[in-house]
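A.B. asks: Test case, fold it:
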Amino acid sequence: NQGGGPCRLLLDDLMRLLRRRRRLALRLYSQQNILRALPSKLSMTTSLRKKYNRIKLKITKQNAAQLQAQLGAQLHSQLLPKIDLRNLENKQLLRTCSALKLQIFK
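C.D. replies: Just a heads-up that it's a prediction; the model follows:
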């Protein structure tokens, strides 16, 4: 046991905090030096990440264009229905289709 009372306890706590801060500062300093020593590896990692993001964006745009084309084709076929001539059983249906201006393929 050391004497000195509360002042001694405060001094011990302060010294402990200072040592902890110094350890953290040294650790941070060493990490920064490591990062400065390896700029090429870091930039390579960054460029690879950017390249990956560009490729991902390109694939996403291609998929979106394909999906838009498919949806456009479906919408077009729904707006302009095509009726097979073999399914027309009588002339009345044929006249109705021509009056409605439906496309009929043979």
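
A.B. asks: for the chain, what are the low-confidence residue spans?
C.D. replies: Where the chain drops to pLDDT under 70, the residues are 1-6, 31-44, 80-90, 93, 103-106.

A.B. asks: hey, where'd the helices end up in it?
C.D. replies: Counting by DSSP state H, residue ranges of the helices within the chain are 5-37, 39-79, 91-99.

A.B. asks: any chance of these in TSV, with mean neighbour count too?
C.D. replies: All C-beta spots, glycine's among them, are computed from the backbone N, C-alpha and C. Putting those into TSV (neighbours: other CB atoms under 10 Å) gives the following:
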stretch	mean neighbour count
helix 5-37	10
helix 39-79	10
helix 91-99	11
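
A.B. asks: so what's L28 up against?
C.D. replies: The contact partners of L28, taken as CB atoms under 8 Å, 6 or more residues apart in numbering, number zero.

A.B. asks: From R21, how far off is it?
C.D. replies: Per CB to CB, to the nearest Å, L28 is found 10 Å from R21.

A.B. asks: and if you look at N53?
C.D. replies: Look at N53 and R21: by CB to CB, they are 39 Å apart.

A.B. asks: just H76 next, same as before
C.D. replies: Distance of H76 to R21, computed by CB to CB: 70 Å.

A.B. asks: With R54 instead?
C.D. replies: For R54, the distance to R21 (CB to CB) stands at 43 Å.

A.B. asks: L11 too?
C.D. replies: Relative to R21, L11 is positioned 16 Å away (CB to CB).

A.B. asks: same check, this time on T45
C.D. replies: T45 sits at a distance of 31 Å from R21 (criterion: CB to CB).

A.B. asks: Then G72?
C.D. replies: Separation of G72 from R21 (CB to CB) stands at 64 Å.

A.B. asks: same question, S30
C.D. replies: 15 Å.
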